[in-house]
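S.K.: Generate a structure from the sequence data that follows.
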Amino acid sequence: MVDVSTKAETHRIARAAGWIAMQPETLARIVEGTSGKGDVLGVARIAAIQAAKRTADLIPLCHDLPLTRISIDFEIDPGLNRVRCLTSAECVGRSGVEMEALCAASVGLLTIYDMCKAADRGMTIGEIRLIEKAGGKSGHWKAA
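M.R.: Here you go, the predicted model:
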């Protein structure tokens, strides 16, 4: 693990996103709440929050951070038959929260897959990426 003891504590924010594409019928079940396993997006939101909180347990050299805020949003795109997951993680600390935001997006999307796989095994998860970070020595960065 990298020694961050000499770094100043600053307010840090990271935002990540990704998507899962599926058959139109699968998306309709998610939107209508008729999935056999229940509220797909509600469960995926909780799973994503849990993932952000447990990132240091999953990524071996990741610092365990005192998260102050985690938000998870989903956007339905009926034109492309997909759900976009947008995550945000924040803390006041010595290390960035990019991994927490990325982990949350990944697990949120995997949870959607898990809850809908009986109806659609061909779903595709893609473009999980950092879209913005702020705080710390490197300052503010935003994806183009």
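S.K.: For the most centrally placed residue in the chain, give me phi and psi.
M.R.: Nearest to the geometric centre of the chain sits residue 105, at 1.7 Å (CA atoms, centre = their mean). Residue 105 adopts backbone torsions of phi -60, psi -40, taken as degrees, to the nearest 10.
S.K.: residue boundaries of the strands in this protein?
M.R.: Ranges of strands in the chain, per DSSP state E, are 10-21, 67-77, 82-93, 124-134, 141-142.
S.K.: Any buried residues in the third one, and which?
M.R.: Judged by neighbour count (16 or more other CB atoms under 10 Å), strand 82-93 contains these buried residues: 82, 83, 84, 85, 86, 87, 88, 89, 90, 91, 93. (C-beta placed from N, C-alpha, C; glycine too.)
S.K.: thinking residue 29 is in contact with residue 116, fair?
M.R.: Yes - at 7.1 Å, residue 29 counts as touching residue 116 under the criterion of CB atoms under 8 Å.
S.K.: More neighbours: which of the two?
M.R.: With neighbours defined as other CB atoms under 10 Å, residue 29 and residue 116 compare such that residue 116 has more, 23 against 20.
S.K.: residues in contact with the closest residue to that one other than its chain neighbours?
M.R.: Nearest residue to residue 116 in three dimensions, chain neighbours excluded: residue 26, at 5.3 Å (CB to CB, 6 or more residues apart in numbering). Applying CB atoms under 8 Å, 6 or more residues apart in numbering to residue 26 gives the contacts 81, 116, 119, 120, 123.
S.K.: Quick check: of the buried residues of strand 82-93, which lies closest to residue 9?
M.R.: For those, the minimum distance to residue 9 (CB to CB) is 5.7 Å, reached by residue 93.
S.K.: what is the closest one paired to in the beta sheet?
M.R.: For residue 93, the beta-bridge partners under DSSP bridges are residue 10.
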